[in-house]
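Asks: have a look at this prediction, sequence included:
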Amino acid sequence: MEQYLPSKRFIVSVIILLALGASGWFVAQNPQQETISSNQSNGALLQQQRQAEILAITDRLVLDNDKDGLRDWEEVIWKTDPQIPDTDGDGTTDGEEVKLERDPLKAGPDDLLEKHPIDENKKNEPQTLTEQLMDDLRLSYLAAHGLNEGAPLSEEQKSDIVSSFMATMQQEQERAQHYSMTDIKIDVSKTGKAYGNELGAALDAQSKNIDYSELDVMKEITSTMSKEQMRKVLEKLDPLIARYETIIALLQNMSVPLAYADMHTQFLNINAALKKAAEDMRALPDDPIRSSLGIGLFREKLDSVLVFLRGLKAQFEKDNIRFSPNEPGSFFYQYF
């Protein structure tokens, strides 16, 4: 069929975008989830949302409203009517025509599909995360469907598929670059106040000039946008990615008192994860599952930022450190 169809990447993107749209994934439809929560329920809500997304994808994979042998997402690819079994009205169902390599939009008998040469460069493109997971999901579904002899999947079977899918997603999410204390410069002679002023000045400088967040960008995306329209909006993530790169470099080059080294390393890893999250969000048009993971990682690490700030405040108080309004360290008081 690949001689007749668009690229596989286009096909899986259509499936996922349809499914994620159906599950309410698009941030524009879920603005209340932008709120940062400091309790554990936030993680549980994200977990439930991901499960709903995967179930929506599973359901979309098999939905065939007109029972013509073409699933609804395949109808989108072939541009046939998902409500009419025989779109061209020639007496043969759309699914049967595709099997026979006939055009389901053109009435027979002269309706053989025109073959197109396969682009070897596109054929050899590495799989996106979405394509990899879709292959795994499809095989898991077909295996379970076969055990059921064609009957609908049980809730337990669906749960097993979702659990396996989410485990793979979790592994991918944990691939952000990880730093240890060997990657920072520890200075036992540096005071906590000097560190606070230097860190405050660096973060204050980086907080200027960009007055929007990653979620602000993602809220501009709607399920009706074309890929090109999405890419144009997602270009706004580039300055945020560049800012994380700058902060990571600053944190690595900054000397740190021993008492603050562990927190500093944690903050370095938080920024590395936030950078990965923004990069993953940017992949939405061609790799929507990666983008969905990016949003989840972003929300998770916002909670980690709050944990870091609470720890920093506690250490400043332990060291009896105060910053006057004209000192760079006073930057943190807006968060304490």
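Replies: Yes, it's here. Numbers count the residues shown, from 1 in each chain.
Asks: my guess is residue 107 contacts residue 90. True?
Replies: Yes: contact between residue 107 and residue 90 holds when scored by Cβ atoms under 8 Å: they sit 4.0 Å apart. C-beta coordinates here come from the backbone N, C-alpha and C atoms, glycine included.
Asks: count of neighbours near residue 249?
Replies: Neighbours of residue 249 under the rule other Cβ atoms under 10 Å: 10.
Asks: any idea how far it is from residue 202?
Replies: Distance of residue 249 to residue 202, given as Cβ to Cβ, to the nearest Å: 10 Å.
Asks: would you check how far apart residue 127 and residue 326 are?
Replies: Taking Cβ to Cβ as the measure, residue 127 and residue 326 are separated by 54 Å.
Asks: what about these two, which has more around it?
Replies: The neighbour count for residue 127 versus residue 326, taken as other Cβ under 10 Å, is higher for residue 127 (14 against 6).
Asks: going along the chain, name the strands of this structure.
Replies: With DSSP state E as the criterion, the chain has strands at 185-186, 255-256.
Asks: and the first one, what does it pack onto?
Replies: Same thing as strand 185-186. Judged by 3 or more Cβ pairs under 8 Å, 6 or more residues apart in numbering; DSSP states H and E, strand 185-186 is in contact with strand 255-256.
Asks: what lines up beside the strand it packs on in the sheet?
Replies: strand 185-186 (parallel) (DSSP bridges).
Asks: contacts for the strand it pairs with, please.
Replies: 252, 253, 254, 255, 256, 257, 258, 261 (Cβ atoms under 8 Å, 6 or more residues apart in numbering).
Asks: among those residues, which one lies nearest to residue 102?
Replies: Distances from residue 102 to the contacts of strand 185-186, taken as Cβ to Cβ, are shortest for residue 252 (61.1 Å).
Asks: correct me, but that closest one touches residue 182?
Replies: No: between residue 252 and residue 182 there is no contact under Cβ under 8 Å: 11.1 Å.
Asks: who has more neighbours out of those two?
Replies: Shown here are residue 252 and residue 182; by other Cβ under 10 Å, residue 252 has more neighbours (13 against 7).
Asks: show me the contacts for the more buried one.
Replies: Residue 252 touches 179, 183, 184, 185, 268, counting by Cβ under 8 Å, 6+ apart.
Asks: filter these to the buried ones?
Replies: Among these, those classed as buried by 16 or more other Cβ atoms under 10 Å are 179, 184, 268.
Asks: just the closest of these to residue 333, please.
Replies: residue 268 (22.4 Å).
Asks: correct me, but that closest one touches residue 248?
Replies: Yes: Residue 268 lies in contact with residue 248 (Cβ under 8 Å); the separation is 6.5 Å.
Asks: ok, now how distant is residue 156 from residue 167?
Replies: On the measure of Cβ to Cβ, residue 156 and residue 167 end up 17 Å apart.
Asks: meant to ask about residue 74
Replies: 28 Å.
Asks: more neighbours: which of the two?
Replies: Shown here are residue 74 and residue 167; by other Cβ under 10 Å, residue 74 has more neighbours (22 against 9).
Asks: which residues does the more buried one contact?
Replies: Counting by Cβ under 8 Å, 6+ apart, residue 74 has contacts residue 98.
Asks: use 47 as the first number for this chain going forward.
Replies: Shifting the count to begin at 47 puts that one at residue 120.
Asks: how close does it get to residue 285?
Replies: 39 Å.
Asks: same check on residue 328?
Replies: From residue 328 to residue 285 the distance is 12 Å (Cβ to Cβ).
Asks: quick one, which of those two is more surrounded?
Replies: Higher neighbour count among residue 328 and residue 285: residue 328, with 23 against 12, using other Cβ under 10 Å.
Asks: the more buried one reaches residue 337, doesn't it?
Replies: Yes: the criterion here is Cβ under 8 Å, and residue 328 meets it with residue 337 at 7.5 Å.
Asks: all the helices of the stretch 197-346 of the chain, in order from the start?
Replies: In the stretch 197-346 of the chain, the helices defined using DSSP state H, counting those that start in this stretch lie at 201-219, 238-252, 260-264, 273-280, 284-299, 307-327, 334-364.
Asks: nearest to residue 127, out of those helices?
Replies: Nearest of the helices of the stretch 197-346 of the chain (Cβ to Cβ): helix 273-280, 23.4 Å.
Asks: and the closest one, what does it pack onto?
Replies: Packed next to helix 273-280, using 3+ Cβ pairs under 8 Å, 6+ apart, is no helix or strand.
Asks: name the residues of that helix that come out as buried.
Replies: Buried residues in helix 273-280 (16+ other Cβ under 10 Å): 276, 279, 280.
Asks: pLDDT check: weakest of these?
Replies: Within those, residue 276 has the lowest pLDDT, namely 89.
Asks: follow-up on the earlier one: the contacts of strand 231-232, buried ones only, as a PyMOL selection?
Replies: To isolate the buried members of the contacts of strand 231-232 in PyMOL, using 16+ other Cβ under 10 Å:
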select buried, resi 300+302+303+307
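Asks: among the contacts of strand 231-232, which one lies nearest to residue 253?
Replies: For the contacts of strand 231-232, the nearest to residue 253 is residue 300 (16.5 Å; Cβ to Cβ).
Asks: quick check: closest non-adjacent residue to that closest one.
Replies: Spatially, and ignoring its direct neighbours in sequence, residue 300 is nearest to residue 244 (6.1 Å; Cβ to Cβ, 6 or more residues apart in numbering).
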